[in-house]
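A.B. asks: Fold the following and give me the result.
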Amino acid sequence: MSGMSGDADALAAEVRGPVLLPGSGEYDEERAGFQAGFRHRPALVVGATRPEDVRAAVRFAAERSMPVAVQSTGHGIVTALNGEGLLITTRRLKGVSVDADAATVTAQAGVLWGEVVEQTTPHGLAPANGSALHIGVVGYLLGGGVGLLGRRTGYASDHVRALDIVTADGQLRHVTAGDDPDLFWALRGGGGNFGVVTAVETALMPVTRLYGGALHFAADRPLDLLHAYRAWTSTLPEELTSSICLMTCPPWADVPEPLHGRYAAHIRIAFTGPADEGERLVAPLRALGPRLVDTVRDMPYTQVGTIYQDPQTPHAYFGSNVLLRELDPTALRTVVDVAGPDAAVPCSVEIRHLGGAFSRRHPGRGAVGARQAAYMLRVTTGGTAAPSASARPVHQKVYDALKPWTVGRSLNSVYNDGAPVPEEQVRELFAAEDFERLRRVKTLHDPHNLFRLTHNVRPKGWS
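C.D. replies: Here you go, the predicted structure:
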């Protein structure tokens, strides 16, 4: 971009964090994230250290009609800037403040869930975090948040109380249900489509321990395990949230050694009731056969990151999901045939049990769609290189087979390759009336589409 070097110098005089151009020594490190397959290549990167840095960066981009993307941990690429635009990284915004009396926590945009758990558990409180504690708080909440205890607590975004956001006009706004109900609603499940969120306040729960962990089985008969899981989940109280994952386990340091190289089933359990009741509920699973690994036990909340054992090694991955009103036995056979151990490309198939509080109409609900779903099925493919070209047709065969039972998709579990998607696919994420409401909010706060996502709700009149 002509004159960008001089413009970058002017911006650098306004911000405390780094302002980096392609080719500079720190540029590649600054744009790198957990997702190693698809990375931004922006014309300019700003490493924000405070909300004022974000304001300066947004004003700079708006004046030049530069598209803006945001990255904290980089688990999901929401817009792949390819030689253009401005990337704002927020990982240096690390403030955490706990109000134990109000049972809330305020976290800035670079804070990880593990850092929140560390500061809330001494007060006997826990956040509505997900399975991985190395995930960023803000991005997770903007996308809805299918939480570790979600069948009891519902979507994590519904627990948000306030957000600080820099909108396209460069203003820093404190958004609550009372001050701006439409923007407040849109930010809780509508994604990062409306500005750069610099901090979020969310409610905490009086949870100090749970009965949970993982059961790992050799998946020589994967369909039988899926049928058993389907039958088991039909009997559960909403205090128990679980999932099952079928995959060939990589030989990584954060994967238990008995699983290395094996196609295995990984059943994850989080139960907030008494341990003895948890033992009774889990007994039918243990009766399925010998376990390769069994970590289910009573644990303090500080150990919840061990339940899913999500990989912490950055790598390439591609995938998406569908939300289902039920698990059809015939469809499960197709899932195994297409994406099981003999798949054309290696696939990880995960089914999360929803229902319970996920499905209840929360009085202050955000924009999360398809709340009637009973399960989420997600297919991902990982590797050392970007796997989208080979994986896409295999994954699509699974989703096509599940269409009769599909009610939507979950925004947080769309692992795209950064390419913009057609509007009809964006509409799958939201109820029809919610999509139109999101479009009205976008048109009001970002009429020139400064903030662009792969799954972008575009402003009215924008093609």
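A.B. asks: Might you report the residue contacts of residue 32?
C.D. replies: 39, 74, 314 (C-beta atoms under 8 Å, 6 or more residues apart in numbering). Where you see a C-beta, it was placed from the backbone N, CA and C, and this is true even at glycine.
A.B. asks: could those residues be laid out in a markdown table, adding neighbour count?
C.D. replies: A markdown table is the format used below for the contacts of residue 32 (neighbours: other C-beta atoms under 10 Å):
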| residue | neighbour count |
| --- | --- |
| 39 | 21 |
| 74 | 21 |
| 314 | 15 |
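A.B. asks: Let me know how buried the closest residue in space to residue 301 that isn't next to it in sequence is, in neighbour terms.
C.D. replies: Excluding its sequence neighbours, the residue lying closest to residue 301 (C-beta to C-beta, 6 or more residues apart in numbering) is residue 126, at 4.9 Å. Residue neighbour count, defined by other C-beta atoms under 10 Å, stands at 25 for residue 126.
A.B. asks: Make 599 the first number, not 1, from now on.
C.D. replies: Taking 599 as the first residue, the last one we looked at is residue 724.
A.B. asks: residues contacting residue 724?
C.D. replies: By C-beta under 8 Å, 6+ apart, the contact list for residue 724 reads 715, 718, 802, 803, 804, 805, 806, 899.
A.B. asks: how does it look with 6 Å?
C.D. replies: Contacts for residue 724 were tallied using C-beta atoms under 6 Å, 6 or more residues apart in numbering; they are 803, 805, 899.
A.B. asks: ok, the residues you listed vs residue 820, which is closest?
C.D. replies: residue 899 (31.9 Å; C-beta to C-beta).
A.B. asks: So the residue nearest the centre of the chain versus residue 725, what's the distance?
C.D. replies: Nearest to the mean C-alpha position of the chain, by C-alpha atoms, centre = their mean, lies residue 1010 at 3.5 Å. Going from residue 1010 to residue 725 by C-beta to C-beta, to the nearest Å gives 15 Å.
A.B. asks: re earlier: Three-state assignment for the residue nearest to the centre of the chain, please.
C.D. replies: helix (DSSP: H, G, I helix; E, B strand; the rest coil).
A.B. asks: Check residue 974 too.
C.D. replies: strand.
A.B. asks: Need phi/psi at the nearest residue to it once chain neighbours are set aside.
C.D. replies: Setting aside the residues directly before and after it, residue 974 is nearest to residue 950 in space (C-beta to C-beta, 6+ apart), at 4.5 Å. Dihedral pair for residue 950: phi -110, psi 130, per degrees, to the nearest 10.
A.B. asks: Residue 968 and residue 1007, how far apart?
C.D. replies: Residue 968 is 7 Å from residue 1007, by C-beta to C-beta.
A.B. asks: swap in residue 753?
C.D. replies: 14 Å.
A.B. asks: who has more neighbours, those two?
C.D. replies: Just comparing residue 753 and residue 1007: by other C-beta under 10 Å the higher neighbour count belongs to residue 753, 27 against 24.
A.B. asks: in the lowest-mean-pLDDT helix or strand in the chain, what counts as buried?
C.D. replies: When each helix and strand of the chain is scored by mean pLDDT, DSSP states H and E, helix 602-610 comes last, with a mean of 89. Across helix 602-610, burial judged by 16 or more other C-beta atoms under 10 Å covers 605, 606, 609.
A.B. asks: Not counting that helix itself, show me its contacts.
C.D. replies: With C-beta under 6 Å, 6+ apart, helix 602-610 has contacts from 617, 619, 642, 658.
A.B. asks: Any idea what the third one is bridged to?
C.D. replies: Note on residue 642: beta-bridge partners by DSSP bridges are residue 684.
A.B. asks: Kindly check the end-to-end length of stretch 702-714 for me.
C.D. replies: For stretch 702-714, the first-to-last residue distance is 11 Å (C-alpha to C-alpha, to the nearest Å).
A.B. asks: Give me the neighbour count for residue 987.
C.D. replies: 11.
A.B. asks: Before we move on, what's the pLDDT of it?
C.D. replies: pLDDT recorded at residue 987 is 88.
A.B. asks: ok, now residue 653?
C.D. replies: pLDDT at residue 653 comes out at 98.
A.B. asks: next one: residue 886
C.D. replies: We have a pLDDT of 96 for residue 886.
A.B. asks: Count the residues that sit near it.
C.D. replies: For residue 886, using other C-beta under 10 Å, the count is 16.
A.B. asks: Contact partners for it?
C.D. replies: Applying C-beta under 6 Å, 6+ apart to residue 886 gives the contacts residue 826.
A.B. asks: right, and the secondary structure at it would be what?
C.D. replies: From three-state DSSP, the assignment for residue 886 is coil.
A.B. asks: partner residues bridging the residue nearest to residue 1003 when sequence neighbours are not counted?
C.D. replies: Once flanking residues are discounted, residue 1003 sits nearest to residue 922: 4.7 Å by C-beta to C-beta, 6+ apart. Beta-bridge partners of residue 922, counted by DSSP bridges, are residue 973, residue 1004.
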